[in-house]
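1. Sequence and predicted structure below; questions after.
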Amino acid sequence: MIIGRIEEKKKMLKANDSEYSQFVTVYGRRRVGKTFFVRETFNYKFTFEHAGLARAGMKEQLAAWQTSMKFHGYDTVKPKTWLDAFNQLKELIIASPKKKKVIFIDEMPWMDTPKSGFISALEFFWNGWASARKDITLIVCGSATSWIINKIIRNKAGLHGRVTTKIRINPFTLAECEKFATHYRLGMNRRQLTECSMVMGGIPYYWSLLDREKSLAQNIDDLFFQENGELHNEFNELYRSLFKNPEPYIKVIEQLGARKVGMTREELISSGIKDNGKLTELLEDLEQCGFIRKYAAYGYSSHKAIFQLIDPYTLFYYKFILANDRKDERFWSHSQNQPTYNNWCGLAFERICLLHVNQIKQALGITGVISGVCGWQALGKGGNKDAQIDLIIDRNDDIVDLCEIKYSREPYIVTSEYYDIVLNKTLRFKEDTKSTKSIHQILISANGVKRNAYSDEFQKIITLDSLFEPYIQI
């Protein structure tokens, strides 16, 4: 059963129904469900299906290709080169009686071993033969997102412009996490679902490991903090699977993980990140994988971009898994309601909100209004950032929504002291940006608010229920 992925499935089936051959790329981070999506969409029926081998040489890759050929009824010798391998695929396709030949090559990045000539052979297969036919849907997939993007989608040589359909598989939204939890009878309320998303993000595989007989805290301890936990070493595996050379990416993530508000490119370079001509590509790769977001400071063009870590799991790793130096296997349970946990809740919930901006716009009733998302920081004495707003919705109907985000298990109490902070921040924003638009103060509070005179000053209170609403595109 596919949960969500409605638009992605439409794109895939539309490509397959085309009267011409189609080259489809499916990409996304490790464990997000790419292979499952493709297989379910085609009911596990392919003219040819193959998956590359992790960290194997060319000889092993070609032997695996021969095995896949035999599985699909084409008994042949092991190819000596990738040109030979794709020639075998041509023969298999020609022999197939199917009206549309669906070819699914999974984990393709692993097949491109050094000096193997794989990309050249793929180019020759597609440009010299497959694209001239009308009956082929070639689907290539892989967790090494940077490889898919740079070697296939952005290819500047023979495959330039050849991809006809690009499908990015994103993590589940809260609404999709709720559907998943309901389907597998996990028995979690929306607060627990949100906290689980704050730890795991919307990664289906992580959610599939939850034991419905245990509490959320027990599950997190078992999966992440036990020595033999299924996700105990996930961080290194995650970045190794996405990037062939993960170290530069991890260095950027480490810097961004230490800065709540994010950093500009110049600040990253000042922190020690090398700008050797690859930094732009590196940041784009991290953004494509959903680890960071790139946003503009209010009132500035995109060249003043700020990069911010928004991946829930990576944030959780730096705040807790890496901090567990005593190797406490019940570290999460022991951290509950401690200051570190409470601080993390606020930060992690902000990230969940940033991943659900469409739902926030929907709750505000502005999905039909052209709007942009940005942030703002004010500098105090000595250049220190003494005021900030992480989420600003700049609307074309002459309104700017300044969003405050609060996480609490009980309805939030807007005190006079807190409202004074909000008011002063708003005045600083007007003064600093010189904006002439009307300012709306929005409070996103996980469990609502306890109504009083100060809570009534906000134009809109948005709760968890709005974040769980499926987004309806207009």
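-> All right, it came through fine.
2. any idea which helix or strand comes after the lengthiest helix in the chain?
-> Ranked by residue count and defined by DSSP state H, the top helix of the chain is helix 416-433. As assigned by DSSP states H and E, the chain's next helix or strand after helix 416-433 is strand 438-445.
3. Please export the C-alpha coordinates of that following strand as CSV.
-> The C-alpha coordinates for strand 438-445 follow below in CSV (Å, rounded to 0.1, in the frame of the first residue of the first chain):
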residue,chain,number,x,y,z
SER,A,438,0.5,45.6,7.3
ILE,A,439,2.0,43.3,9.9
HIS,A,440,0.0,40.3,11.1
GLN,A,441,1.2,38.5,14.2
ILE,A,442,0.7,34.8,13.9
LEU,A,443,1.2,32.3,16.8
ILE,A,444,1.8,28.7,15.9
SER,A,445,1.3,26.8,19.2
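4. what's the average pLDDT for that strand?
-> Rounded to a whole number, the mean pLDDT of strand 438-445 is 96.
5. Kindly calculate the angle that it makes with helix 416-433.
-> Using axes from the mean of the first three to the mean of the last three C-alpha atoms, to 10 degrees, the inter-axis angle of strand 438-445 relative to helix 416-433 is 140 degrees.
6. next SSE after strand 438-445?
-> strand 460-462.
7. Need the contact partners of the following helix or strand past that next one.
-> Next along the chain after strand 460-462, taking DSSP H and E as the criterion, comes helix 464-467. Residues outside helix 464-467 that contact it (C-beta atoms under 8 Å, 6 or more residues apart in numbering) are 174, 190-191, 194, 352-353, 356, 359-360, 362-363, 446-447. Every residue, glycine included, has its C-beta placed from N, CA and C.
8. Mind doing that once more with 10 Å?
-> With contact meaning C-beta atoms under 10 Å, 6 or more residues apart in numbering, helix 464-467 is reached by 173-175, 189-191, 193-194, 197, 349, 352-353, 355-356, 359-360, 362-364, 407, 444-448, 460.
9. buried stuff in it?
-> The neighbour-count check on helix 464-467 (16 or more other C-beta atoms under 10 Å) flags 464, 466-467 as buried.
10. Check stretch 323-330 too.
-> Quick answer for stretch 323-330 (16+ other C-beta under 10 Å): residue 329.
11. do stretch 145-162 as well
-> 145-149, 151-153, 155, 159, 162.
12. same check, this time on stretch 272-292
-> 273, 279, 282-286, 288-292.
13. Export those residues as TSV, with columns for distance to residue 63 and secondary structure.
-> Output for the buried residues of stretch 272-292, formatted as TSV (distance: C-beta to C-beta, whole Å; DSSP: H, G, I helix; E, B strand; the rest coil):
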residue	distance to residue 63	secondary structure
273	40	coil
279	39	helix
282	34	helix
283	38	helix
284	35	helix
285	31	helix
286	34	helix
288	32	helix
289	31	coil
290	34	coil
291	34	coil
292	38	strand
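14. from those, which two are the most distant?
-> With distances taken as C-beta to C-beta, the most widely separated pair in the buried residues of stretch 272-292 is 273 and 290, at 20.1 Å.
15. Tell me the one among the buried residues of helix 464-467 nearest to residue 132.
-> Of these, the one sitting nearest to residue 132 (C-beta to C-beta) turns out to be residue 467, at 48.2 Å.
16. so what pLDDT did that closest one get?
-> So, for residue 467, pLDDT stands at 97.
17. now swap in residue 33 and tell me
-> The model's pLDDT for residue 33 equals 95.
18. Quick one: low-confidence residue ranges for the stretch 151-300 of the chain.
-> 300 (pLDDT under 70).
19. which stretches of it form helices?
-> 174-183, 190-200, 204-208, 216-220, 234-242, 247-257, 265-270, 279-288 (DSSP state H, counting those that start in this stretch).
20. okay, those, which one's buried deepest?
-> Sort the helices of the stretch 151-300 of the chain by mean neighbour count, taking mean count of other C-beta atoms under 10 Å, and helix 190-200 sits at the top with a mean of 21.
21. ok so, going back, a markdown table for the buried residues of stretch 145-162, including distance to residue 16?
-> Listed next are the buried residues of stretch 145-162 as a markdown table, based on distance: C-beta to C-beta, whole Å:
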| residue | distance to residue 16 |
| --- | --- |
| 145 | 23 |
| 146 | 27 |
| 147 | 24 |
| 148 | 19 |
| 149 | 23 |
| 151 | 23 |
| 152 | 19 |
| 153 | 19 |
| 155 | 23 |
| 159 | 20 |
| 162 | 17 |
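22. tell me the centre residue of the chain?
-> Closest to where the C-alpha atoms of the chain average out (C-alpha atoms, centre = their mean) is residue 290, at 3.2 Å.
23. Settle this for me: that one is touching residue 170, isn't it.
-> Yes: using C-beta atoms under 10 Å, residue 290 is in contact with residue 170, at 6.5 Å.
24. okay, and the common contacts of these two?
-> 28-29, 32, 202, 355.
25. Mind picking the one among these that's closest to residue 87?
-> residue 28 (30.8 Å).
26. what sits against the nearest residue to that closest one once chain neighbours are set aside?
-> Of all residues not flanking residue 28 in the chain, residue 169 sits nearest, at 3.6 Å (C-beta to C-beta, 6 or more residues apart in numbering). By C-beta under 10 Å, 6+ apart, residue 169 lies in contact with 4-5, 8, 26-29, 32-38, 141, 204.
27. can you check residue 284 too?
-> 146, 149-150, 154, 292, 294.
28. closest to residue 218 among the residues you listed?
-> residue 292 (31.2 Å).
29. can you pull up the bridge partners for that closest one?
-> residue 309 (DSSP bridges).
30. Which among the helices of the stretch 151-300 of the chain is found nearest to residue 308?
-> Relative to residue 308, the nearest member of these by C-beta to C-beta is helix 247-257, separated by 6.6 Å.
31. tell me the angle that closest one makes with helix 279-288.
-> Using the same axes, to 10 degrees: helix 247-257 against helix 279-288 is 70 degrees.
32. Which strands or helices does helix 247-257 pack on?
-> helix 234-242, strand 263-264, helix 265-270, helix 279-288, strand 292-297, strand 305-309, helix 312-316 (3 or more C-beta pairs under 10 Å, 6 or more residues apart in numbering; DSSP states H and E).
33. Can you check which of those gets nearest to residue 403?
-> strand 292-297 (13.1 Å).
34. Which secondary structure elements does the closest one sit against?
-> Against strand 292-297 (3+ C-beta pairs under 10 Å, 6+ apart) you get helix 247-257, helix 279-288, strand 305-309, helix 339-354, strand 371-379, strand 385-395.
35. switch to 7 Å and redo it
-> Applying 3 or more C-beta pairs under 7 Å, 6 or more residues apart in numbering; DSSP states H and E, we find strand 292-297 packed against helix 279-288, strand 305-309, strand 371-379.
36. and the first one, how far out from the chain's middle?
-> Just to be clear, that refers to helix 279-288. 13 Å (C-alpha atoms, centre = their mean, to the nearest Å).
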